[in-house]
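>>> Below are the sequence and a predicted model for it; my questions follow.
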Amino acid sequence: GGAGGEGSGGRDLGLEVLARVLNREVPALITAQRVPEILAALRLREEFGFDLVLDGAAESYLVVDEIRRAGVPVILHPSMVRLGGETSGATLETARRLRDAGITVALQSGFEGYVPKTRVVLFEAAITAANGLSMEDALRTITIDAARVIGQDRRVGSLERGKDGDVVVFDGDPFEYTSHVCAVVIEGEVVSEECR
């Protein structure tokens, strides 16, 4: 067998994870960009009864009703990646269309080896606001709704008593390119103050 697989004397991590998914201990994160892939993921969820998070979901706006009925959240990939192939059907209005249907949406920063995306997740949220989401809903895609999708909303994602509350303070609209970070508070302690 392969590394860690059957016959190697080791654990089969793939089967262990699959068992956890089927026992609903963790959700299955399925990357599905096009409509047929999205519908196939929803059918698998229905057939096997596991919790599902759709990842990517470039064409999810075309099957909003099916996703809403399934009660499945969606993690959208960055709009800054070059569209083509599986993502050729993407639109900048997807987050708004899903949110309008009552679907929980989170944004991910993505990764391309030559472009560090983690610094632009706020920009991705701004794009959703520019394409129909309210500012509050756009912020939710990278805070409480993102925490909810990964099952961490009892601990992070919003400012509430008993939660871990890291805060970034801006000198203006956080979606404006000209706004600057004034302060960062981590675990109740100001770790950076830079407002002028």
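Received, thanks.

>>> mean confidence score for the host helix or strand of residue 44?
In the assignment (DSSP states H and E), residue 44 maps to helix 35-48. Mean pLDDT, helix 35-48: 98.

>>> same question, stretch 160-171
For stretch 160-171, mean pLDDT is 88.

>>> Render the CA-only coordinates of that stretch in PDB, please.
Extracted C-alpha coordinates of stretch 160-171, given in PDB (Å, rounded to 0.1, in the frame of the first residue of the first chain):
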ATOM      1  CA  GLU A 160     -18.800  39.500  22.200                       C
ATOM      2  CA  ARG A 161     -18.100  38.800  25.900                       C
ATOM      3  CA  GLY A 162     -16.300  35.500  26.200                       C
ATOM      4  CA  LYS A 163     -14.900  35.400  22.700                       C
ATOM      5  CA  ASP A 164     -11.400  35.900  21.500                       C
ATOM      6  CA  GLY A 165     -11.500  39.500  20.200                       C
ATOM      7  CA  ASP A 166      -8.700  40.700  18.000                       C
ATOM      8  CA  VAL A 167      -9.500  44.200  16.600                       C
ATOM      9  CA  VAL A 168      -8.100  46.300  13.800                       C
ATOM     10  CA  VAL A 169      -8.900  50.000  13.900                       C
ATOM     11  CA  PHE A 170      -8.700  52.000  10.600                       C
ATOM     12  CA  ASP A 171      -8.500  55.800  10.100                       C
END
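
>>> Look at the spatially closest residue to residue 88 that is not a sequence neighbour and say how many residues are nearby.
Once flanking residues are discounted, residue 88 sits nearest to residue 58: 7.8 Å by C-beta to C-beta, 6 or more residues apart in numbering. The C-beta positions use only the backbone N, C-alpha and C, and glycine is treated the same way. By other C-beta atoms under 10 Å, 24 other residues sit near residue 58.

>>> ranges for the helices of the chain?
Assigned by DSSP state H, the chain shows helices spanning 13-22, 35-48, 64-70, 94-100, 121-130, 135-140, 144-149.

>>> Low-confidence stretches in the chain?
For the chain, the stretches with pLDDT under 70 are 1-9, 80-87, 111-119, 196.
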